[in-house]
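Peer 1: Take this sequence and fold it.
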Amino acid sequence: MGERCVQVTVENGIANVVLNRPEKFNAINYLMFSELDKAIKRIKSDPRIRLVILSGAGGHFSSGLDVKSVMSAPMQAVKLLFKGLPGNANLAQRVSIGWQRLPVPVIAVLEGCCYGGGMQIALGADFRIACPNSKLSIMEAKWGLVPDMAGLVALRQIMPKDQAMLLSLTAKVLSGEEAKALGLVTQLSDNPMLSAQQLAEELLNTSPDAAAAIKLSINRSWTASVRSLLCRESWSQVRLLLGKNRTIAAVRQLKDPTKPYKDRQSGW
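Peer 2: Here you go, the predicted model:
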């Protein structure tokens, strides 16, 4: 059996997820879709994992869909797009929106090219740290397609509608600097992996339960009604007040900043 298309290692509460087809600039074939989906499910089920760093091997994040590979096996295309109900996420969509649905922060490290499906996956992350000279594009229109991997869920929250439409219609390739100016990436760095690791250390100072509640609240309440927002805030706060990590957070602030947190509560 060949090397896996997605490598996952966990150390000190951080899951490092690496797209691993460097000889193909990490183009996304069916196996990579499947392995990413499994990685997301594994991370969600493990309360010891507190953060994800998502990157690509070989100096590129992803060149997008491996069209030749997917189209050479028609049943793979069917499996990618199939869904039981129209409002459910299919496999192609889960590898983007799945990161948003995790109860832990997700940081994407963007180097080299980040095109099409690769951009859709990166949009699922909570934070995107890119090299200034990286190349990013919502490229589906170039192939006569609509972006259909759920990246729009995040895109509509991070940039104005006219800019999102312009990038999607033109398939323009942006530099990291241009993408940062438009809000497509969170931060620029000459060493994005190092910057991601530094951000991870900062984020790990927060209670894993509080991090899960904050991510849930922001993602679900961003475009929700005020009543839903108020309900979700109150419900989350009660859960936090009853949990052990809220007490530990107070101890870390007032007495011992090295006191370790407990594993994340289930149910977030």
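Peer 1: Now name the helix or strand holding Ile129.
Peer 2: strand 127-130 (DSSP states H and E).
Peer 1: so how far is that strand off the chain centroid?
Peer 2: Centre-to-centre, strand 127-130 and its host chain are 10 Å apart (CA atoms, centre = their mean, to the nearest Å).
Peer 1: before we move on, what about stretch 20-28?
Peer 2: Between the centre of stretch 20-28 and the centre of its chain there are 18 Å (CA atoms, centre = their mean).
Peer 1: Please enumerate the helices of the stretch 1-150 of the chain.
Peer 2: Secondary structure of the stretch 1-150 of the chain (DSSP state H, counting those that start in this stretch): helices at 30-45, 67-71, 74-81, 91-100, 117-123.
Peer 1: Let me know which of these is tucked in deepest.
Peer 2: Across the helices of the stretch 1-150 of the chain, averaging neighbours per residue (mean count of other CB atoms under 10 Å) puts helix 117-123 on top, at a mean of 28. All C-beta atoms are positioned from the backbone trio N, CA, C, and that covers glycine.
Peer 1: I'd assumed Val18 was in contact with Gly56.
Peer 2: Yes: using CB atoms under 8 Å, Gly56 is in contact with Val18, at 6.9 Å.
Peer 1: Format the helices of the stretch 1-150 of the chain as a markdown table; extra columns: mean pLDDT and distance to Leu240.
Peer 2: Listed next are those as a markdown table, based on pLDDT from 0 to 100; distance: least, CB to CB, whole Å:
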| stretch | mean pLDDT | distance to Leu240 |
| --- | --- | --- |
| helix 30-45 | 97 | 19 |
| helix 67-71 | 84 | 43 |
| helix 74-81 | 89 | 38 |
| helix 91-100 | 97 | 21 |
| helix 117-123 | 98 | 28 |
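Peer 1: Turn those into CSV, including distance to Ser221.
Peer 2: As requested, the helices of the stretch 1-150 of the chain are exported to CSV (distance: least, CB to CB, whole Å):
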stretch, distance to Ser221
helix 30-45, 20
helix 67-71, 36
helix 74-81, 30
helix 91-100, 13
helix 117-123, 19
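Peer 1: so which of the ones you listed comes closest to Asn205?
Peer 2: Of all the helices of the stretch 1-150 of the chain, helix 30-45 sits nearest to Asn205, with 20.1 Å by CB to CB.
Peer 1: how far off helix 91-100 does that closest one point, in degrees?
Peer 2: 30 degrees (axes from the mean of the first three to the mean of the last three CA atoms, to 10 degrees).
Peer 1: Check what contacts helix 30-45 and list those residues.
Peer 2: For helix 30-45, the surrounding residues in contact (CB atoms under 8 Å, 6 or more residues apart in numbering) are 4-6, 8, 15, 17, 19, 21, 26, 49, 52, 69-70, 73, 76, 79-80, 91-92, 94-95, 98-99, 101-104, 121.
Peer 1: The same query, at a cut-off of 7 Å, please.
Peer 2: The contact list for helix 30-45, computed with CB atoms under 7 Å, 6 or more residues apart in numbering, reads 4-6, 8, 15, 17, 19, 21, 49, 52, 70, 73, 76, 80, 91-92, 94-95, 98-99, 102.
Peer 1: quick one on the thing from earlier: quick one, which of Gly56 and Val18 is more surrounded?
Peer 2: Applying other CB atoms under 10 Å to Gly56 and Val18 shows that Gly56 carries more neighbours, namely 27 against 20.
Peer 1: Relative to Pro74, how far out is that one?
Peer 2: Taking CB to CB, to the nearest Å as the measure, Gly56 falls 27 Å from Pro74.
Peer 1: Leu169 too?
Peer 2: With CB to CB as the criterion, Leu169 and Pro74 are 29 Å apart.
Peer 1: in the protein, which ranges drop under the pLDDT threshold?
Peer 2: Scanning the chain for pLDDT under 70 picks out 1-2.
Peer 1: From the centre of it outward, give me the first residue you hit.
Peer 2: Ala125 (2.2 Å; CA atoms, centre = their mean).
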